[in-house]
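>>> Sharing a model prediction with you, sequence too.
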There are 2 protein chains.
Amino acid sequence: MSDKDAPAGSGESSEADIISRYFAPLAQGAGEALGLIDDAALISPDSATDLVLTTDGLVAGQHFVEDSNPRDIAFKALAVNVSDLVAKGAEPYLYLLTLALPAADPVWLEQFAEGLAEAQSSFGCRLAGGDTVATSGPLTLSITAIGRLPANEMVKRSGGAAGDMLYVSGSIGDAALGLALTQDASMAAAWQLDEAQFECLVTRYRRPAPPLALAPILRRFAHAAMDISDGLIGDFDALCRASGTGGEITLEHVPLSQAAERAMLHDKSTRERIMTGGDDYQVLAAVPLAQCDAFEAASRKAEISVTRIGVLSKQGAGICARDASGAEVLFERPKFDHFR
Amino acid sequence: MSDKDAPAGSGESSEADIISRYFAPLAQGAGEALGLIDDAALISPDSATDLVLTTDGLVAGQHFVEDSNPRDIAFKALAVNVSDLVAKGAEPYLYLLTLALPAADPVWLEQFAEGLAEAQSSFGCRLAGGDTVATSGPLTLSITAIGRLPANEMVKRSGGAAGDMLYVSGSIGDAALGLALTQDASMAAAWQLDEAQFECLVTRYRRPAPPLALAPILRRFAHAAMDISDGLIGDFDALCRASGTGGEITLEHVPLSQAAERAMLHDKSTRERIMTGGDDYQVLAAVPLAQCDAFEAASRKAEISVTRIGVLSKQGAGICARDASGAEVLFERPKFDHFR
């Protein structure tokens, strides 16, 4: 290691102080974390349980607004990883966090740790390890989340078959509209949103809420599933490709919140944003026809809203989105991509 | 997600292209990676095997020189994580990578993937998942590495006891001197290094070589171990504190390479850098006296050099480094810390 200059605002905090003050409490009760003093976590698994691991990075200015509330940043960083676990049918268990900090500001760190604590408690997982480094660039986080599920029950992206019905959980597009409002609050007037609707959309962007209770239901009934993070249209395309199927969704069936309905009513151009904008952190699932009733009933019982939006077809039949009249709808930019 | 501007130099690569072209080959043969199409890895463990997880972040300009060879960056990123696994007695198994890229430059990516391939093959592990995001800041990487070992055999940092002998593997200080040479090549003349010695030190900085074969030997013989990444003196202090012991090391016993010997001969001030500079990625281990002969013999057989440098003492006896005369040596900055 080289640069021994402390980052701006680092005050007296050493890395060890940061760990013991802000992060060790988040590992309490997780024996796997070994008190965060070993630079390693220890999992003693049993053979009846599989582990699912996923990792997602977030960069200030890319995945959240630079001056976001540290609580929201922390919450979102864990939520987007938990979203991947849930879509695989796994229950959140542990996570490791790499934090590249422009400055070790105690107030920021305290709020960040509070946001993580809140997220942990929402999602039922604990901190098992991590690394804190300095950066000359924007705040950058990477979380590796570990989930558990009964052996051999993981729901893959590639398991869909022609004839399966396509479902989404929750409502689609809220976060993408919320981001637009964060960037330009005047859109709220154009979309004729009231204050509660404005808040609802912005909160959906800041605080993703993956449908935890859907995990065991997906294991029982879904052939394939993935989380919707890069936009419904692009992720629908990804599921079809992974499953080696065609597919069709009907845009009018895509569930929208009241706020999104209103925005689309007053500004037709929001449809593109809703369908392709990303950051939904809901689940897209392929369920065989014979299981649809049971899947819907189990979801209802778990108080998770699921909506049938389309169907998988044979490979070669094409992958498309249609409007109510049956006409194919093309999108300018079907999928969010960092590198395109 | 928000910023739809492609990063500079991104050309035509989408994230999916980057994954399939550069990263999917690194996951070949690892069923756990699910072909990198699921945003998740799947581990089906058995109850006789424990898993060790560790995560380390690296930032350009902090952990490696900004314009470093991408092969070296990749190699080092995996090596520093493997170093943590080895020190816990675990064998490298899988890893997940988060890559925050300022630009998606195909030449850079290809070389980076080659460096990862080389490191994987050295360390015996495979890519199981990851995330690639854009950043407006410096290149930032985070790796979560997963190791395996027989159940209940992990070597903790906290297991040391008064009377245990302290060992280090390899030689100490080479990487810190190598970094200094990278920053100012004229030091080579002051230290009277020949070309081979210069290269040796710089390579130790660029390509850490954790002593893989020591892992099973640590499991058999060590009470406690950790990797030396933040400087010998600071990490020695950390092991003593975690174990609740005092400790003493004799600086003259610390093993040095020929190149480091020469540097210290011609420039006494290099001692501080050697003992506290960090980036060694060797192992510090506490071995009970009765096991020392067997530990040394097993290490010799595995062709890993280990050197006894000190002893753990009772808590309260103090933690110190002494010179050959027995006088305590104090260091200006005993431990590398990003935030101090």
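On my side now, so go ahead. Bear in mind the structure is a predicted one, so any value in this text is a computation, not a measurement. Residues are numbered from 1 along each chain as shown, chains lettered A, B, ... in the order given.

>>> which residues of the stretch 101-250 of chain A fall in helices?
A:106-123, A:174-183, A:187-190, A:195-206, A:215-221, A:232-243 (DSSP state H, counting those that start in this stretch).

>>> Mean pLDDT and distance to B:F112 for the ones you listed - can I get that in JSON lines?
For every residue, glycine as well, the C-beta is placed using N, CA and C. Shown next, in JSON lines, are those (pLDDT from 0 to 100; distance: least, Cβ to Cβ, whole Å):
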{"stretch": "helix A:106-123", "mean pLDDT": "97", "distance to B:F112": "30"}
{"stretch": "helix A:174-183", "mean pLDDT": "96", "distance to B:F112": "31"}
{"stretch": "helix A:187-190", "mean pLDDT": "96", "distance to B:F112": "40"}
{"stretch": "helix A:195-206", "mean pLDDT": "97", "distance to B:F112": "32"}
{"stretch": "helix A:215-221", "mean pLDDT": "98", "distance to B:F112": "35"}
{"stretch": "helix A:232-243", "mean pLDDT": "96", "distance to B:F112": "24"}
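
>>> These: which one's closest to B:A128?
Closest to B:A128 of the helices of the stretch 101-250 of chain A is helix A:232-243 (Cβ to Cβ; 17.1 Å).

>>> Relative to the whole chain's centre, how far out is the closest one?
16 Å (Cα atoms, centre = their mean, to the nearest Å).

>>> pLDDT weak spots in the stretch 1-150 of chain A?
Within the stretch 1-150 of chain A, the stretches with pLDDT under 70 are A:1-13.

>>> again, but for the stretch 201-340 of chain A
In the stretch 201-340 of chain A, residues with pLDDT under 70: A:335-340.

>>> Could you rerun that using 90?
Residue ranges of the stretch 201-340 of chain A with pLDDT under 90: A:316-318, A:332-340.

>>> show me the contacts for the one residue in the stretch 51-200 of chain A that gets nearest to chain B.
With Cβ to the nearest Cβ as the measure, A:G137 is the residue of the stretch 51-200 of chain A nearest to chain B, at 1.7 Å. A:G137 makes contact with A:100, A:102, B:59, B:135-138, B:140 under the criterion Cβ atoms under 8 Å, 6 or more residues apart in numbering or on different chains.

>>> one more time with 7 Å, if that's ok
With contacts defined as Cβ atoms under 7 Å, 6 or more residues apart in numbering or on different chains, A:G137 is in contact with B:135-138.

>>> And A:M226, by the same measure?
A:87, A:157, A:235, A:238-239, A:284, B:39.

>>> buried stuff in stretch A:265-280?
A:270-280 (16 or more other Cβ atoms under 10 Å in any protein chain shown).

>>> got the residues you listed as CSV, with distance to chain B columns?
Converted to CSV, the buried residues of stretch A:265-280 look like this (distance: Cβ to the nearest Cβ, whole Å):
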residue, distance to chain B
A:T270, 16
A:R271, 17
A:E272, 12
A:R273, 11
A:I274, 14
A:M275, 14
A:T276, 10
A:G277, 8
A:G278, 5
A:D279, 6
A:D280, 11
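
>>> how about the residues you listed, which pair is most distant?
A:R271 and A:D279 (16.3 Å).

>>> Can you give me the neighbour number for the nearest residue to A:H253 once chain neighbours are set aside?
Computed as Cβ to Cβ, 6 or more residues apart in numbering or on different chains, the closest residue to A:H253 that is not its neighbour in sequence is A:I309, at 4.5 Å. Residues near A:I309, counting by other Cβ atoms under 10 Å in any protein chain shown, number 22.
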